[in-house]
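# Give me the fold of what follows.
(one chain, ligands or ions: 2)
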Amino acid sequence: MDDCIFCRIANGEIPSATLFEDDDFRVILDLGPATKGHALILPKQHYANIYELPEELASKAILLAKKMAEAMSEGLEADGFNIVQNNGEAAGQTVFHFHMHLIPRYEKDGAGIGWKPGKLTDEIKEEILNKVKVK
Ligand code: 5GP
Ligand code: ZN
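Ligands and ions are numbered 1, 2, ... in the order given. Okay, here's the model as predicted:
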């Protein structure tokens, strides 16, 4: 994936502020941080999104996210921590190489991460319970 910026960063072709690296992943600082320390977990292999990501890498990614959350919260004295992962344009994904956002949170940091709560009606609830089939 020569034209994928995250492939090039993850594999060291483009230098980046790297917090951690192993055989499968590179963790870099986001260039447009939501808060101080906002970082991204990038797999070194190209997968566009969570649908493409193999199960084994998905498992490794969440274990790495936990390790990073601990190290970053301690080092940066964060008060909380968000892990965000967008898939598809409709969900806010702008770079189509799977990544997880690691966002340290600080009291009153003002980072607008969230949504406006709606209402779960009985009709919609029944529809969803009927439609979602976990394989
Ligand atoms: P998405 O919206 O796809 O979930 O997140 C893409 C993220 O990548 C954004 O937070 C954006 O700031 C970050 N980003 C985009 N291009 C680059 C880049 O070249 N280097 C780094 N370090 N971050 C980038
Ligand atoms: Zn890529």
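# only C-alpha atoms for contact and neighbour calcs from this point on.
Noted.
# Run through the bridge partners of the most centrally placed residue in the chain.
Per C-alpha atoms, centre = their mean, the C-alpha nearest to the average position across the chain is that of Met100, at 1.5 Å. Note on Met100: beta-bridge partners Ile41, judged by DSSP bridges.
# wait, what's in contact with it?
Leu40, Ile41, Leu42, Ile83, Val84, Gln85, Asn86 (C-alpha atoms under 8 Å, 6 or more residues apart in numbering).
# Output the below-cut-off pLDDT ranges for the chain.
Along the chain, segments meeting pLDDT under 70 span 1.
# if we go to 90?
The model of the chain has pLDDT under 90 over residues 1-2.
# Near ligand 1, which residues of it are found?
Residues of the chain lying close to ligand 1 by C-alpha under 6 Å from any ligand atom are Leu29, Asp30, Leu31, Gly32, Asn86, Gly92, Gln93, Thr94, Val95.
# Does the second one touch Ile41 like I think?
Spelled out, it's Asp30. No. With contact defined as C-alpha atoms under 8 Å, Asp30 does not count as touching Ile41 (9.7 Å).
# ok, these two, which is more surrounded?
Taking other C-alpha atoms under 10 Å, Asp30 and Ile41 do not tie; Ile41 has more neighbours (26 against 19).
# Would you give the sheet partners of the helix or strand harbouring Leu19, along with the direction of each?
Element membership for Leu19 (DSSP states H and E) is strand 18-21. If you go by DSSP bridges, strand 18-21 pairs up with strand 25-29 (antiparallel).
# ok, back up a step: need the contacts of Met100 in JSON lines (columns: distance to Ser73).
Listed next are the contacts of Met100 as JSON lines, based on distance: C-alpha to C-alpha, whole Å:
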{"residue": "Leu40", "distance to Ser73": "15"}
{"residue": "Ile41", "distance to Ser73": "16"}
{"residue": "Leu42", "distance to Ser73": "19"}
{"residue": "Ile83", "distance to Ser73": "12"}
{"residue": "Val84", "distance to Ser73": "16"}
{"residue": "Gln85", "distance to Ser73": "19"}
{"residue": "Asn86", "distance to Ser73": "22"}
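# which one of those sits closest to ligand 1?
Asn86 (4.8 Å; C-alpha to the nearest ligand atom).
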